[in-house]
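Asker: Sequence and predicted structure are below.
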Amino acid sequence: MADRSPAPDTPELRERWGAFEFTESSRERADKAIARYPEGRQRSAVMPLLDLAQRQVGEETDTQGWLPLPVIEYVADYLDMPVIRVLEVASFYFMYNMKPVGKYHVQVCGTTPCMLRGSDGLFETCKKRGMSKGHVSEDGLWTLTEVECMGNCATAPMVQINDDNYEDLTPARLDEILDELAAGKQPKTGTQIAGKRTSEPEGGPTTLKEMVDANHDYRKEW
Amino acid sequence: MPKVTVDGQEIDVPDGATVLQACELAGKEIPRFCYHERLSIAGNCRMCLVEVKPGPPKPQASCALPATEGQEIRTDSQMVKTAREGVMEFLLINHPLDCPICDQGGECDLQDQSIAYGRGATRYEENKRAVTEKYMGPLIKTVMTRCIHCTRCVRFSEEIAGVDEIGAVGRGEDMQITTYLEQAAEHELSANVIDLCPVGALTSRPYAFEARPWELKKTLSIDVSDAVGANIRLDSRGREVMRALPRINDDVNEEWISDKARYQVDGLSKRRLDKVFMRKRGKLQPASWDEAFKAIAKAKPGKDIAAIAGDMVDCETMFAAKALLKACGSKLIEGRQTGMDYDVSNLAAVNFNSTFAGIEAADAILIVGSHIRWEAALVNVRIRKAVKRGAKVFVVGPYWDTTYPAEFLGEDLSVLGKLPKEVAEAFKGAERPAIIMGGAALARGALGAGLAFAEKFKLVRDGWKGFNVLHFSAARMGGLMLGFAQKGGMKDIVKAKPKVVVSLGADEMDFEPFADALKVYIGHHGDKGAHAADIVLPGASYAEKDGTYVNTEGRVQFAEKAVFAPGDAREDWTILRALADALGVNVGFDSFAQLQGAMIAEVPALGEEGLADYGAFPKADAKAKAEGTISAYPIRDFYLTNPIARASSVMQQCSSELLGGGELAEAAE
């Protein structure tokens, strides 16, 4: 399991992030998130606000973003809630990065379905490029994390990189994606099998074939 | 009232009760870790599993399940037994087997319940999880590997103390209880989490490795660090008080005590007066009792003798002093050391009439000149409850962190006479309005204005008494009942120019005006009073004598003697009795029982435990006006308000570390 302890509270961290403030557009979106909840319940907006803050940090550092302690304190202050409560939320959800990450946060699913479909090979591919779990690669481009099930078992194995999923992977396909990302291009997201649209079976339906065109009542056939 | 069946026994339970409460009503013991009567329900330890029909065919967490009509609950079935064993096994997976070196040993819920409900042996062979220690301040020692994540401490600090500082960071196996950046827990009730912790994760730092619970003698006592009169239990070994723990009393302290009440006890063995001292050539020298009594007799006080009661003395001591002075022909007795001179002709006007439990029901509260968190931390807990029920709180005085929403109306006392419109409306519309006058308000002479306020808004009405005075000296109400008050306060005593001034542990008074008098200090700590005295007679602290105390509600309570006073120190009443012989007068009692009898004969209310009846509430002088501003509260340092606390190294450390009274000793870089 990934290390969820916050980055140490150092003077350098305070100096870099102490003056953090939402930009105009973040503030607008933050206030919109807060407005979704009744008066006095603004704390409920803590998750969208942390996400906004993380994205803003990401823009400033040209990475996927993370949550330094001063930023967490800023969010707590913004919502007028105790900072420990914000830290509880931030450290609970894996989507919030507690440590700096690279430009691309490569989250490889290692749960059983993906593992059976070859996620070990994907880790190998990543490692060959100099990534190691929980660390930012030397060129600042990659951070590798092993994550638990992301709900794409039908198209296993899968990898989530920043906001996009890449499914039906093989080591070669992942290599291509990483190459494209490194070159600054946006690879095709979703399934990587040509001709497949989403999570439908490869080469046409294998079960429930009568259902393809119209609804079909199978009950009589049981 | 739903009717449920618990193990075949049919009972009616109150509406809104949980299955766990229903089982308790039926007399069944349900093991639990996270559930606590005074905290919200969490349902995360799973120890309270029972079988409930109708419902899914699996054990259910009884603490979080409402009892409904016709439920059949079983606490003795095989399913329940296996479920408890299973939960206990899970809890013990990551719990270290370090009971022999754990301070909770012998009073540990996990230990007791694993004996009662666990399997006989372990099947676990893997590695255990280890968690780093967290710093939580000078009072709380943490061994977080022992934590079972019940979150009682988190809920206590959020719900009762109102200071969100403990939280559960991380998730699953990595979840850890911590304060933000491991800062010290900074409030007056922080150490209560030690009692709440069902395991040895949060233990008492000053008491670490001191004693085992079965070695300790338990004595029922009353806390004297403030005027709340919290019910405590003093645990002593030999001649030393090892610790103070709260007793449950829903009317007074519920289940909590302040950190000062809990941790000042180490001061009981420091800076003690254990010998008689006399001032010879300007210096206090050890002397004998005989010498001292002769010296006092030589001063020939006649009727020029005065007695000043300190903040922590019991009623018996005060009565003995009063009897002695009466025998000498003097009435110069006073307990309000700092010179307050409010009117005490009717004690109902200087009493906390709502009662602590009652103030929870108030719907509008005006606090005048009281830093309640410091003057009576447990009353602030009650007011917090009232606010949660929708009460509005207004404060006159400098800002302090209330832990609940409160509106500060400025420092000018004249606001009492001309309230802002919305405040006046809040009080007009309130069903149970209340005012709380603190020491700072009394000192500025605002009592009359407070009474006028009470009359204007009808604070005292049918079934509701909303006029409250909050004292912070444990001896105050008892002293006032015994007549320890002059019309002009200390000024009257000074004017009378007594030849002998007997100070009964009075450390906050000004000895300067009594430069010509013989100053006799009867007390237990070498503090300001002893420094100023000519003769020091070593007395007993609250832990070393039986005594009656009256809290600020007028609640009479009795404390028992836990240990013997050190060295030559004697119980105060015996000193006063011997002094009577030295002065050649007769006080009319030779034993503690006789003394108590005489006291009760004079003030019958002191003989009955419980609320004293002070009679009808007085009519206010409508013209009374308050003037002046409250620029500061009388308590400057919560942790150092009395001689015992000032002698306590734990309290000194708290003061410097938590209130920043002194810089932390840090190694030079």
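Answerer: It's in. Everything numeric in this text was worked out from a predicted model, so none of it was measured.
Asker: in chain A, which helix has the most residues?
Answerer: If you go by DSSP state H, chain A has its longest helix at helix A:46-61.
Asker: Give me the buried positions along the longest helix anywhere in chain B.
Answerer: In chain B, with assignment by DSSP H, the single longest helix is helix B:78-93. Residues B:80, B:83, B:84, B:87, B:88, B:91, B:92 are the ones in helix B:78-93 that count as buried (16 or more other CB atoms under 10 Å in any protein chain shown). Quick note: C-beta positions are derived from backbone N, CA and C, even for glycine.
Asker: and the residue nearest to the spatial centre of chain A, what does it touch?
Answerer: Per CA atoms, centre = their mean, the C-alpha nearest to the average position across chain A is that of residue A:162, at 4.9 Å. By CB atoms under 8 Å, 6 or more residues apart in numbering or on different chains, the contact list for residue A:162 reads A:64, A:104, A:105.
Asker: how about the last one, secondary structure?
Answerer: The one in question is residue A:105. Secondary structure, DSSP: H, G, I helix; E, B strand; the rest coil: residue A:105 is strand.
Asker: and what of residue B:366?
Answerer: Under the three-state scheme (three-state DSSP), residue B:366 adopts strand.
Asker: in terms of contact, does it touch residue B:396 like I think?
Answerer: Yes - the pair residue B:366 and residue B:396 passes the contact test of CB atoms under 8 Å, sitting 7.1 Å apart.
Asker: So which elements touch the longest helix of chain A?
Answerer: helix A:24-35, helix A:69-79, helix A:83-92 (3 or more CB pairs under 8 Å, 6 or more residues apart in numbering or on different chains; DSSP states H and E).
Asker: Quick one: residues in contact with stretch B:456-466.
Answerer: Contact with stretch B:456-466 is made by B:353-354, B:358, B:362, B:427-428, B:430-435, B:453-454, B:467, B:617, as judged by CB under 8 Å, 6+ apart.
Asker: what's the answer for stretch B:578-586, then?
Answerer: Residues contacting stretch B:578-586 (CB under 8 Å, 6+ apart): B:289, B:293, B:294, B:296, B:297, B:301, B:323, B:324, B:327, B:328, B:502, B:587.
Asker: I'd say residue B:569 and residue B:276 touch.
Answerer: No - in this structure residue B:569 lies outside contact range of residue B:276 using CB under 8 Å: 9.4 Å.
Asker: Counting only strands, which of the contacts of stretch B:456-466 make the cut?
Answerer: B:433, B:434, B:435, B:467 (DSSP state E).
Asker: Helix, strand or coil: sort out residue B:141 for me.
Answerer: With three-state DSSP as the basis, residue B:141 sits in strand.
Asker: circling back: please list only the buried members of the contacts of stretch B:456-466.
Answerer: Buried positions within these, assessed by neighbour count (16+ other CB under 10 Å), are B:353-354, B:358, B:362, B:427, B:430, B:432-435, B:453-454, B:467, B:617.
Asker: quick one: which of the ones in strands among the contacts of stretch B:456-466 is nearest residue B:31?
Answerer: Set against residue B:31, the nearest of the ones in strands among the contacts of stretch B:456-466 by CB to CB is residue B:434 (40.8 Å).
Asker: partners of the closest one in the sheet?
Answerer: residue B:365 (DSSP bridges).
Asker: What separation do you get for it and residue B:501?
Answerer: 39 Å (CB to CB, to the nearest Å).
Asker: hang on, residue B:394 in a strand?
Answerer: Yes - secondary structure of residue B:394 (three-state DSSP): part of a strand.
Asker: so who does it touch?
Answerer: Going by CB under 8 Å, 6+ apart, residue B:394 touches B:364, B:365, B:366, B:367, B:406, B:407, B:408, B:409, B:423, B:426.
Asker: Of the residues you listed - the most surrounded one?
Answerer: Ranked by the number of neighbours (other CB atoms under 10 Å in any protein chain shown), the contacts of residue B:394 place residue B:366 first, at 30 neighbours.
Asker: tell me the contacts of it?
Answerer: With CB under 8 Å, 6+ apart, residue B:366 has these contacts: B:393, B:394, B:395, B:396, B:423, B:427, B:433, B:434, B:435, B:436, B:453.
Asker: Report the rounded mean pLDDT for stretch B:607-625.
Answerer: On average, the pLDDT along stretch B:607-625 is 88.
Asker: ok, and what's touching it?
Answerer: By CB under 8 Å, 6+ apart, stretch B:607-625 touches B:345-349, B:351, B:353, B:355, B:414, B:416-417, B:448-449, B:451-452, B:454-455, B:460, B:465, B:467, B:481, B:550, B:553-558, B:596, B:599-600, B:605-606.
Asker: Can you select the buried ones among these for me in ChimeraX?
Answerer: Here is the ChimeraX command that picks out the buried ones among the contacts of stretch B:607-625, judged by 16+ other CB under 10 Å:
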select /B:347,348,349,351,353,355,416,448,449,451,452,454,455,460,465,467,481,550,553,554,555,556,557,558,596,599,600,605,606
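Asker: picking that back up, now find how far off-centre the longest helix of chain A is within its chain.
Answerer: Centroid separation for helix A:46-61 versus its chain: 13 Å, with CA atoms, centre = their mean, to the nearest Å.
Asker: That concludes my questions; thank you for your assistance.
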